[in-house]
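Enquirer: The following block contains a protein sequence and its predicted model.
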Amino acid sequence: MIAIRDITVAFGGVTALNRLTADLADSVVGIIGPNGAGKTTFLNVMSGFVLPKTGSIDAFGTEILALRPHQRSRWGLRRSFQKEQVVDDLTVEENVGVVLDSLSLGTAERERQLSKALEFAGLASLRKVRAAGLNAFFRRMTEIARCVAGQPKLLLLDEPGAGLSQNEVEVLRRMISDIHGFNGAMTLLIDHDVDLIQAVCSSTMVLDFGSLVTSGPTRDVLSDPRVRAVYLGVEEVA
Ligand SMILES: Nc1ncnc2c1ncn2[C@@H]1O[C@H](COP(=O)(O)OP(=O)(O)OP(=O)(O)O)[C@@H](O)[C@H]1O
Ligand SMILES: [Mg+2]
């Protein structure tokens, strides 16, 4: 379980996260909210890019805010970025291998874990291809492979479905649903695609202006009038 307590982040006059407190417990948890709600800022706090003014985050018994970013990665934290960060000049396997290089694995074990991650993301036949030659879908898959490589505990995916076709989102959907069975990791998924959230997230947390609106079973959350009002732009009908 992830216990988020009292996380506050301010950028100048903007309070990007305002005393955020929530417990996240399912294998795939959604994070939704309008543009600027603080979703990416929350992932940045989790991964160590942003230091909160206050608060703590206990993930499976570890206070992750006490760890430096590279220690979080060794602990088992992985993330993908809203704007994907695949390196054009590296091959697919080199992009994924970067994650494993920080884990001090033997050559055989490194290769085993690399192949496993590439296969999971459907990239086995593309492993020697330079990333510059990949389309948007395979670039996303390369990020997914990087996230599942090396026995992660927690994956943070920031709008992995953005810019993908409906068929591609369907492949992504199955993949995200399979992560927990594949390696036991928990996934936090930010996406604006409510259908995707509904399909893969048993529970969902909703943010608006940096504050928690609600958190709970996805079905309940999506039918909550407060959520419909802030997120879906639907006015609450009295
Ligand atoms: N590095 C930064 N410096 C200043 N302000 C920032 C910075 N990062 C985020 N913000 C501000 O913090 C607020 C939350 O931004 P954040 O990127 O977390 O939103 P988001 O929910 O991910 O939105 P989106 O759905 O558009 O990706 C916004 O008002 C944003 O402008
Ligand atoms: Mg964002």
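Expert: Structure's in. What do you need? Ligands and ions are numbered 1, 2, ... in the order given.
Enquirer: Now stretch 1-15: buried residues?
Expert: Buried residues in stretch 1-15, counting neighbours by 16 or more other C-beta atoms under 10 Å, are found at Ile2, Ala3, Ile4, Ile7, Thr8, Val9, Thr15. In this view, the C-beta of every residue, glycine as well, is placed from N, C-alpha and C.
Enquirer: residues contacting the closest residue to Ala10 other than its chain neighbours?
Expert: Leaving out its chain neighbours, the residue that sits closest to Ala10 by C-beta to C-beta, 6 or more residues apart in numbering is Lys53, at 6.1 Å. By C-beta atoms under 8 Å, 6 or more residues apart in numbering, the contact list for Lys53 reads Thr8, Val9, Ala10.
Enquirer: ok, of those residues, which one's closest to ligand 2?
Expert: The shortest approach to ligand 2 among those belongs to Val9, at 13.3 Å (C-beta to the ion).
Enquirer: Contacts only, for that closest one.
Expert: If a contact means C-beta under 8 Å, 6+ apart, then Val9 has Thr15, Ala16, Leu17, Gly38, Thr41, Val45, Val50, Pro52, Lys53, Gly210 as its contacts.
Enquirer: which SSE is Arg219 in?
Expert: Using DSSP states H and E, Arg219 sits within helix 218-223.
Enquirer: Remind me what the helix or strand of the chain with the lowest mean pLDDT packs against, helices and strands.
Expert: Least confident helix or strand, the chain: helix 225-230 with a mean of 89, by mean pLDDT, DSSP states H and E. Helix 225-230 sits against strand 203-208, strand 211-217, with contacts defined as 3 or more C-beta pairs under 8 Å, 6 or more residues apart in numbering; DSSP states H and E.
Enquirer: That helix and ligand 1, any residue contact?
Expert: No - if you take C-beta under 6 Å from any ligand atom as the test, helix 225-230 misses ligand 1, and the best it gets is 11.8 Å.
Enquirer: Enumerate the positions of that helix that are buried.
Expert: Those would be Val227, Val230, for helix 225-230 by 16+ other C-beta under 10 Å.
Enquirer: Outside of stretch 201-208 itself, which residues are in contact with it?
Expert: So stretch 201-208 is in contact with 17, 20, 22, 24-34, 37-39, 42, 189, 197, 212-218, 221-222, 224, 227, 230-231, going by C-beta under 8 Å, 6+ apart.
Enquirer: circling back to that earlier point, mean neighbour count, the helices and strands packed on helix 225-230: which tops it?
Expert: Comparing these by mean neighbour count (mean count of other C-beta atoms under 10 Å), strand 203-208 ranks first with a mean of 24.
Enquirer: what are the pairing partners of that strand, and which direction each?
Expert: In the sheet, strand 203-208 lines up against strand 28-32 (parallel), strand 211-217 (antiparallel) (DSSP bridges).
Enquirer: CA-only coordinates of it in PDB, if you can.
Expert: Below are the C-alpha coordinates for strand 203-208, written out as PDB (Å, rounded to 0.1, in the frame of the first residue of the first chain):
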ATOM      1  CA  SER A 203      -9.500   2.300  -7.700                       C
ATOM      2  CA  THR A 204      -8.900   5.900  -8.700                       C
ATOM      3  CA  MET A 205      -7.800   9.200  -7.100                       C
ATOM      4  CA  VAL A 206      -9.100  12.500  -8.400                       C
ATOM      5  CA  LEU A 207      -7.200  15.800  -8.000                       C
ATOM      6  CA  ASP A 208      -8.400  19.300  -8.800                       C
END
